[in-house]
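Engineer: Okay, sequence plus prediction incoming.
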Amino acid sequence: MTHAAASLRILSPMSSTTHFAQSVIRDEAAALVSMADALAASDNFARATKLIVDCANAGGTVLVTGLGKSGHIGAKISATMASLGITSHSVHPTEAAHGDLGRFRSSDTVIAISFSGETDEVVGLCGILRQDGLPIISITGGAKSAAEPSSLERLATVALRLGVAKEAGAPQFVAPTTSTTATLAMGDALALAAARERNFTSTDFARRHPGGSLGGLLRPVTEVMRWTAGKNLPLIDCTMSVEAALKLADQGRRPGAMVLVNPATGMLAGIFTDGDLRRLVLRNPASLREPIDRVMTKSPRTLRDDSLVQDAVAMFREFRQDEIPVVDAAGKPAGILDVQDLIAMKLVTD
């Protein structure tokens, strides 16, 4: 056997596996595109979104229910809504029949998930909730024709159909794949559309995500900068000599740059970094007696004091600027953000 033939025998199984994986992903992607196109056929999605918005604005809870894989997807949809300012919980349909019906209030809205639309536990729960007058949004695969709505669709206030014809990997595999992906996408679309209608902002999102790197990116820069004007960061007159400015700045720990201001206006005039100092001394030590405004970096890139940490991260990555002055709306320094502040938060690497 030649070396090439042996290589083909080794690579062939992997190539076949990769090809199969590609077909699974492409099948699911095609189903999502088809589902998105189908939304334009009726106003059901807009009506479902309005039910969620009205519920949230009235202080109600969006309760999501489903059994099996649908229940797992429902829990994620519920969590997404909660993160977007819409009070939401997932409820197991069987548990609801054994005491958890007390979770449902007249001000709530229900999202019920069943691919077949015939899951006994989900249909039974929604039958009770329909009698209590709760709005129900059903998410199903969709019946064969509009004339044959499923049991769950008959109970629903608004019925959403995924339009999934088959699962990825069929007929060899029948596990929920494309259908669960489509359900998740539909839930994401509902959550984001409702949040958009409610004018939910990144600031609102940050308040709900104080932990982890995501929470860190959405915090105001003023919360994370260690060096604040008027506290531990001296603002230095830009007409001073380099030597005098160094003596004023060298009072304990300091950032890697001095913040220089116009003495007449108090506005930022420039910065002078440790790197600037090294280059100056190596070129001509006598330059230490020069006015610092001759050797400082004038008009450095700045951040407004209402910027988010994600804005600082983007600036550090694009311009490799290790110290960024933070200024107010009038251009007066509020502090300086050092790259070490972001490294400590594990948002950038050194």
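Structural biologist: Arrived safely, thanks for sending. Residues are numbered from 1 along each chain as shown.
Engineer: what stretches of the stretch 1-150 of the chain score poorly on pLDDT?
Structural biologist: By pLDDT under 70, the weakly predicted segments of the stretch 1-150 of the chain are 1-14, 143-147.
Engineer: now do 80
Structural biologist: Confidence mapping of the stretch 1-150 of the chain against pLDDT under 80 gives the ranges 1-15, 97-100, 102-103, 142-147.
Engineer: residue ranges for the strands of it, please.
Structural biologist: 62-66, 88-91, 109-113, 136-140 (DSSP state E, counting those that start in this stretch).
Engineer: and if you look at the stretch 251-350 of the chain?
Structural biologist: 257-261, 268-273, 297-298, 303-304, 323-327, 333-338.
Engineer: The fourth one pairs with which strands, parallel or anti?
Structural biologist: Counting by DSSP bridges, the strands paired with strand 303-304 are strand 323-327 (parallel).
Engineer: Now do the strand it pairs with and strand 257-261, the angle between them.
Structural biologist: 30 degrees (axes from the mean of the first three to the mean of the last three C-alpha atoms, to 10 degrees).
Engineer: Distance from the chain centre to strand 323-327, please.
Structural biologist: 26 Å (C-alpha atoms, centre = their mean, to the nearest Å).
Engineer: now could you export just the CA positions of that strand as PDB?
Structural biologist: Extracted C-alpha coordinates of strand 323-327, given in PDB (Å, rounded to 0.1, in the frame of the first residue of the first chain):
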ATOM      1  CA  GLU A 323      -3.200  55.400  29.600                       C
ATOM      2  CA  ILE A 324      -6.400  57.100  28.500                       C
ATOM      3  CA  PRO A 325      -7.500  60.400  30.100                       C
ATOM      4  CA  VAL A 326     -11.100  60.400  31.100                       C
ATOM      5  CA  VAL A 327     -12.700  63.900  30.800                       C
END
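Engineer: relative orientation of that strand and strand 268-273 in degrees?
Structural biologist: 160 degrees.
Engineer: how about the strands of the stretch 1-150 of the chain, which one is nearest Ala244?
Structural biologist: strand 88-91 (60.5 Å; C-beta to C-beta). C-beta here means a position set from N, CA and C on the backbone, and glycine is covered the same way.
Engineer: tally of neighbours for the closest residue to Ser287 other than its chain neighbours?
Structural biologist: Nearest non-adjacent residue to Ser287, counting by C-beta to C-beta, 6 or more residues apart in numbering: Leu280, 5.1 Å away. Leu280 has 18 neighbouring residues, counting by other C-beta atoms under 10 Å.
Engineer: contacting residues for Leu280?
Structural biologist: Going by C-beta atoms under 8 Å, 6 or more residues apart in numbering, Leu280 touches Val242, Ser287, Leu288, Val295.
Engineer: Hmm, which of those residues is lowest in pLDDT?
Structural biologist: Ranked by pLDDT, the contacts of Leu280 bottom out at Ser287 (85).
Engineer: Who are the contact partners of it?
Structural biologist: Val242, Leu280, Val281, Val295 are the contacts of Ser287 under C-beta under 8 Å, 6+ apart.
Engineer: likewise Gly163?
Structural biologist: Ala31, Ser34, Met35, Ala38, Gly141, Gly142, Ala182.
Engineer: hmm, which of the residues you listed are the buried ones?
Structural biologist: For those, a burial check counting by 16 or more other C-beta atoms under 10 Å picks out Ala31, Met35, Gly141, Gly142, Ala182.
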